[in-house]
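Student: The following block contains a protein sequence and its predicted model.
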Amino acid sequence: MAKLLELARQRGLLVQLAVRMEDPRVHLPVTLTPAVDVAPLPELLAVRPGVKLQLLNAFNGTDPLRGRVGRRLIEDTKVTFDISHVEGQGGVGKLIAGDRDASRPPLPVERLVFGSHAPYFPCESGLFKLFESPLGRPELEKLMHRNAEAILKG
């Protein structure tokens, strides 16, 4: 992973890491593939400034932003996240606001991008997540396209 991140950094490429591919709640235990362990990422990124890394499907089942590792990913890196696996009413707004119990700090809207997880989820599911959250037009525009454009421009 270190070599991949370094090569991507040198070339200005975006690395997308799928934390999960499928919801673990719908699989038999024998077929279950564990989520990617994101704990090493803060250290890997600390020595490689400028790496463009995006975590996909990160909020399904286990939330990598809770606890010490999550705090470090938010506060010490520029990792971005897609919203395809955000669950719960107003879930995107809750990510931006943070947890009431402070187990997850607020995630700046600039670190989130639209994701649908198509073809596994219908695209409308991703759109619904945007519009059910208490977001204004500026936040919606960032999530729908401005943040992705900024990441690609680098």
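Tutor: On my side now, so go ahead. Numbering: from 1, shown residues only.

Student: Past the helix or strand bottoming out on mean pLDDT in the chain, which element shows up next along the chain?
Tutor: Across the helices and strands of the chain, the lowest-confidence element by mean pLDDT, DSSP states H and E is helix 67-76, at a mean of 86. As assigned by DSSP states H and E, the chain's next helix or strand after helix 67-76 is strand 80-82.

Student: can you give me the offset of that following strand from its chain's centre?
Tutor: Between the mean C-alpha location of strand 80-82 and the chain-wide mean there is a distance of 3 Å, by CA atoms, centre = their mean, to the nearest Å.

Student: Could you name the helices and strands sitting against that strand?
Tutor: Packing partners of strand 80-82 (3 or more CB pairs under 8 Å, 6 or more residues apart in numbering; DSSP states H and E): strand 52-56, strand 112-113. (C-beta placed from N, C-alpha, C; glycine too.)

Student: and it, which strands flank it?
Tutor: Strand 80-82 pairs in its sheet with strand 52-56 (parallel), strand 112-113 (parallel), by DSSP bridges.

Student: so where's this structure shaky on pLDDT?
Tutor: Along the chain, the model assigns pLDDT under 70 to residues 60-64, 100-102.

Student: centroid residue for the chain?
Tutor: Phe81 (2.0 Å; CA atoms, centre = their mean).

Student: hey, what's that one bridged with?
Tutor: Beta bridges link Phe81 to Leu55, Leu112 when assigned by DSSP bridges.

Student: how close does it sit to Gly50?
Tutor: Taking CB to CB, to the nearest Å as the measure, Phe81 falls 18 Å from Gly50.

Student: With Glu124 instead?
Tutor: Distance of Glu124 to Gly50, given as CB to CB: 36 Å.

Student: Which helix or strand contains the residue nearest to Thr77 when sequence neighbours are not counted?
Tutor: Closest residue to Thr77 apart from its sequence neighbours, by CB to CB, 6 or more residues apart in numbering: Leu45 at 4.8 Å. Remark: Leu45 resides in helix 41-46, with elements defined by DSSP H and E.

Student: Great, nothing more from me.
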